[in-house]
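> need a structure here:
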Amino acid sequence: MALFQANLVRAKLEDAHPGLVVELVIVTTAGDLRRDVPISAFGGNGLFVNEVEIAVLEHRADVAVHSAKDLPSGAPPAGMVLACVPDRTDARDALCGSTLNQLALGATIASGSARRCALLAAHRPDLRFVDLRGNIATRLAQIPTGGAVVVAMAALRRLDLTERADQILDPEIVLPQVGQGAIALRCREEDAGTAEMLGRIDDVDAHQCVLAERAFLARLGGGCDAPVGAHATVPTREAPTREVHGTDETRHDEITLDGVVAAPDGSAVVRRRMSGRDPEELGRRLADEIAADGVGGVLVGAVQGQ
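Sure, this is the predicted structure:
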C-alpha cells in the first residue's frame, strides 16, 4: 500500500510538472518489520512515520509520503511541514468475509484497530474480536471462520480489490479514522521549492478536512490507535478546486465535522457533529464539546491514558 501511494504521488507530480522525474526512496519502518506485534504495543503513534521523516530531514529524500491516518496527532517534527493532501478517496471501512447482518451470534472479527472494534462492539455486543496486522493480502487471507476482517475501503479501491468488500460500513455505525482515505505529504519547512511543487497537486477540500480531523484528535490527546474517529466533509462542487493550500486564493467553505469517542469495549459511545469555517478551530471546539460531556469526559480520560 505504501509503495502504491508513493507511485500515485509520483504520477501526480510528473503530470503536474512536465519534464519532472521523481525517484522513489524506499524506507522500511519498525511497523513493517514487526507485524507480529500489536500496534498498541509500539505506542501506536509514529509506527510507520518516523524513519520516513528522518530520511527527508537528512536530505536523503525531499517528500515523505504517508497515509494521513498513520500520522501522530501533534504538530509535525521540527523542520517538517504538512505541505499537501492530494484528492482523497473513500474514507469508510469495509467488512470482508461477511456482512454485519449475516454474522452469527458470537462471530469473530479480526482487526488491529481499537476504534473499529469498539464501534462494532457498540453495534453488536455479541461479537468477539481478535488482533490482526499485516498488509491487505495478509489480512484477507486470515478471515476467521464464520467471521470477517475490517479493512479500509480506500486500500481496497487503490489496490483494485473492491470486490472483496462484503459490506461498506455506514459511518453512522463505524465513523472513519482521522485522515483515513487521505495521503499526507510532508517536506522540509525551508524547502520552498518542493512545497510549491506539491502545492500543484494539493486538494484544498481534502487538506482542510484532514486539518479539522487532526485538530480534533490532537485536542483529545489520543493517537492513531485510540478508540476515536472523525470525518470532515465540505459541500460538493461540480468542479473541485485544487489550489495551493494556505494562499489567499484558498476557499474556506463551511466544514462539517463528525467526531466520536468510545469506551474500548463499546459499552459507551459519545458522538457529536459541528460545522465551521476554520478547520483547526472546528476540530478543537468539537473535541472540547465531547470532553465537556459527563460520559465523554470519562472516555477522553481513557483515551489519554489517565
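> from here on, contacts and neighbour counts on C-alpha atoms
Will do.
> was I right to think C117 contacts S111?
Yes - with contacts counted by CA atoms under 8 Å, C117 reaches S111, the gap being 7.0 Å.
> what's the following helix or strand after the strand or helix carrying L211?
L211 is part of helix 204-220, with elements assigned from DSSP states H and E. Counting by DSSP H and E, the next helix or strand C-terminal to helix 204-220 is strand 228-233.
> what is that next one packed up against?
helix 204-220, strand 255-262 (3 or more CA pairs under 8 Å, 6 or more residues apart in numbering; DSSP states H and E).
> got any ranges where the stretch 201-306 of the chain has weak pLDDT?
223-225, 237-252, 294-306 (pLDDT under 70).
> with adjacent residues omitted, what lies nearest to V56?
In this structure, V56 finds its nearest non-sequential neighbour in D62, 5.3 Å apart by CA to CA, 6 or more residues apart in numbering.
> count of neighbours near the closest residue to P264 other than its chain neighbours?
Spatial nearest neighbour of P264, excluding adjacent residues (CA to CA, 6+ apart): A118 at 5.1 Å. Neighbourhood size, A118 [other CA atoms under 10 Å]: 26.
> which stretch of helix or strand covers A118?
helix 114-123.
> buried sites along the helix or strand just after that helix?
Per DSSP H and E, the first helix or strand lying C-terminal to helix 114-123 is strand 128-130. Neighbour counts over strand 128-130 (16 or more other CA atoms under 10 Å) mark 128-129 as buried.
> strand 128-130 pairs with which strands, parallel or anti?
Applying DSSP bridges, strand 128-130 is found paired with strand 108-110 (parallel).
> now the strands for the protein?
With DSSP state E as the criterion, the chain has strands at 63-67, 80-84, 93-96, 108-110, 128-130, 148-152, 167-168, 183-188, 228-233, 255-262, 269-276.
> who does the third one touch, helix- and strand-wise?
Right, the one you point to is strand 93-96. Using 3+ CA pairs under 8 Å, 6+ apart: strand 93-96 touches strand 148-152, strand 167-168.
> please identify the most buried of these.
strand 148-152 (a mean of 24; mean count of other CA atoms under 10 Å).
> what is that strand packed up against?
So strand 148-152, by 3+ CA pairs under 8 Å, 6+ apart, packs with strand 93-96, strand 108-110, helix 136-140.
> if we go to 6 Å?
Here strand 148-152 touches strand 93-96, strand 108-110, going by 3 or more CA pairs under 6 Å, 6 or more residues apart in numbering; DSSP states H and E.
> is it possible to get JSON lines of these that adds mean pLDDT?
Output for these, formatted as JSON lines (pLDDT from 0 to 100):
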{"stretch": "strand 93-96", "mean pLDDT": "98"}
{"stretch": "strand 108-110", "mean pLDDT": "98"}
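> so which of these gets nearest R214?
Ranking the helices and strands packed on strand 148-152 by distance to R214, with CA to CA as the measure, places strand 93-96 first at 18.3 Å.
> other residues contacting the closest one?
148-153, 164-169 (CA atoms under 6 Å, 6 or more residues apart in numbering).
> so where's the stretch 1-150 of the chain uncertain?
Residue ranges of the stretch 1-150 of the chain with pLDDT under 70: 29-48.
> thinking again about what came up before, so how far is S67 from the residue nearest to P264?
Distance, A118 to S67, using CA to CA, to the nearest Å: 22 Å.
> can you check L95 too?
Where S67 is concerned, L95 sits at a distance of 20 Å (CA to CA).
> who's more crowded, these two?
Between L95 and S67, counted using other CA under 10 Å, L95 has the larger neighbour count: 22 against 19.
> can you name the residues that contact E190?
Contacts of E190 by CA under 6 Å, 6+ apart: none found.
> quick check: phi and psi on it?
Geometry field for E190 lists phi and psi as phi -90, psi 0, criterion degrees, to the nearest 10.
> how much space between it and R273?
37 Å.
> extract the C-alpha trace of stretch 142-160 and format it as PDB.
Taking C-alpha atoms only, stretch 142-160 is exported to PDB below (Å, rounded to 0.1, in the frame of the first residue of the first chain):
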ATOM      1  CA  GLN A 142      -6.800 -14.500   7.600                       C
ATOM      2  CA  ILE A 143     -10.600 -14.100   7.700                       C
ATOM      3  CA  PRO A 144     -11.800 -16.100  10.700                       C
ATOM      4  CA  THR A 145     -14.100 -19.000  10.000                       C
ATOM      5  CA  GLY A 146     -17.700 -17.700  10.100                       C
ATOM      6  CA  GLY A 147     -16.300 -14.200  10.800                       C
ATOM      7  CA  ALA A 148     -14.900 -11.200   9.000                       C
ATOM      8  CA  VAL A 149     -12.000  -8.800   8.900                       C
ATOM      9  CA  VAL A 150     -12.300  -5.000   8.800                       C
ATOM     10  CA  VAL A 151     -10.100  -3.000   6.300                       C
ATOM     11  CA  ALA A 152     -10.100   0.500   4.900                       C
ATOM     12  CA  MET A 153     -12.200   0.800   1.800                       C
ATOM     13  CA  ALA A 154      -9.500   3.200   0.500                       C
ATOM     14  CA  ALA A 155      -7.000   0.300   0.400                       C
ATOM     15  CA  LEU A 156      -9.400  -2.000  -1.500                       C
ATOM     16  CA  ARG A 157     -10.100   0.800  -4.000                       C
ATOM     17  CA  ARG A 158      -6.400   1.700  -4.600                       C
ATOM     18  CA  LEU A 159      -5.400  -2.000  -4.900                       C
ATOM     19  CA  ASP A 160      -8.400  -2.800  -7.200                       C
END
